[in-house]
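A.B. asks: Dropping the sequence and predicted coords here.
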Amino acid sequence: MSLISAAAGDALSRWLDDLRAVRGATENTLIAYRGDIVEFVSFMTAYKAEPQGLGALARLSVTDMRAWMANARSDGVGARSLARKLSAVKAFYRWLAERENFEATAVLSVRAPKFQKKLPRPLAEDAARSLIDTIEDQSQEPWVAARDVAVSTLLWGCGLRISEALSLRGADAPLATSLRITGKGGKERIVPVLPAAQQAVERYMDLCPYDLDASDAPLFRGVRGGPLGPGAIQKVMARARMQLGLPASATPHAMRHSFATHLLNAGGDLRAIQELLGHASLSTTQAYTAVDTARLMEVYARAHPKA
């Protein structure tokens, strides 16, 4: 017996197609959502001892939802992960309510488990510089070392996500003084490019043994000439941080955090940094920059006309 009914499976596929077409959801996000919903429906099928078609799913109660959540916790799912799974289920139910006249009140009323949000840990400026210098020493192949430095410099110097840096194509090079980046949800933004980043990418291109002239080909290549994956940068950064005695939080994404924090510390405007990072919400930028209340009040006092 299938763990998800044909009608529920069809609705799930249409929801995911809608997310892809309308909201520009990435494949990784869609795969995660599909897994969360199938897992949820599979539990309800076993828990209710009957197939869970759309009608059955619409009749789920708050008690049923709590049973699912309790089972997940007993299986070792953490509060943060369970909150993400519940968010996926609620998003699916909201879509069903809009498209299928679905009764979603019980599911939508369930509260997510509380968890302490981890603030990102930016690197100090000297630590970020040392990390990039040490990354250069990790490969005996000069072009690979230059590549890793170029990518890392784009993360710190431009605040790019690693996926954004690795999505650059031959047409983007040589780098101009700004880049048009397509980020999460297909949202475009313009990012200034520092001379140091331009020079790092130029040096990589000079040393790279592969043809980078094709406009639609990946700019950053793996050792066999294919597209460079994020794992290679994560590994080289892990080796470099171990040599420097930096914490495990010194990851490629931490370089992006550091970009935001260092800009703010230098007097950068929070809204401008939000635009540079491509955040939809200012509160996300605030978390990235590890802003404390005193710093926010200082910015407020300086910027507000009545302060």
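C.D. replies: Perfect, thanks for sending it. This one's a predicted model, so the numbers in the text were calculated from it and none came from an experiment. Numbers count the residues shown, from 1 in each chain.

A.B. asks: contacts and neighbour counts: CA atoms only from here.
C.D. replies: Will do.

A.B. asks: my guess is residue 213 contacts residue 170, does it?
C.D. replies: Yes. Taking contacts as CA atoms under 8 Å, residue 213 lies within contact range of residue 170: 5.7 Å.

A.B. asks: More neighbours: which of these two?
C.D. replies: Taking other CA atoms under 10 Å, residue 213 and residue 170 do not tie; residue 170 has more neighbours (18 against 14).

A.B. asks: Report pLDDT for the more buried one.
C.D. replies: Per-residue pLDDT puts residue 170 at 91.

A.B. asks: Which residue comes closest to it once chain neighbours are left out?
C.D. replies: Leaving aside its sequence neighbours, residue 170 sits nearest to residue 215 (CA to CA, 6 or more residues apart in numbering; 4.4 Å).

A.B. asks: For that neighbour, which residues are in contact?
C.D. replies: 169, 170, 171, 172 (CA atoms under 8 Å, 6 or more residues apart in numbering).

A.B. asks: show me where pLDDT drops low in the stretch 201-307 of the chain?
C.D. replies: The stretch 201-307 of the chain contains residues with pLDDT under 70 at 262-307.

A.B. asks: so which of the contacts of residue 215 comes closest to residue 206?
C.D. replies: Of all those, residue 206 sits closest to residue 170, with 13.3 Å by CA to CA.

A.B. asks: shouldn't that closest one be in contact with residue 211?
C.D. replies: No. Contact criterion CA under 8 Å: residue 170 and residue 211 do not qualify, at 9.3 Å.

A.B. asks: Sketch out the helices for the stretch 151-300 of the chain, chain order is fine.
C.D. replies: 162-166, 195-207, 230-244, 252-265, 270-277, 282-288, 293-303 (DSSP state H, counting those that start in this stretch).

A.B. asks: what's the burial count for residue 34?
C.D. replies: Using other CA under 10 Å: residue 34 sits among 20 other residues.

A.B. asks: Run through the neighbouring helices and strands of the helix or strand containing it.
C.D. replies: Assigned by DSSP states H and E, residue 34 belongs to helix 27-48. Using 3 or more CA pairs under 8 Å, 6 or more residues apart in numbering; DSSP states H and E, the elements in contact with helix 27-48 are helix 6-22, helix 62-74, helix 79-100.

A.B. asks: Okay, domains of this protein per the record?
C.D. replies: Following automatic domain parsing, one finds the domains of the chain at 6-109, 125-302.

A.B. asks: so how far is the first residue of the shortest one from its last?
C.D. replies: Distance across domain 6-109, first residue to last, is 27 Å (CA to CA, to the nearest Å).

A.B. asks: per-residue confidence averaged over that domain?
C.D. replies: Mean predicted confidence for domain 6-109 is 88.
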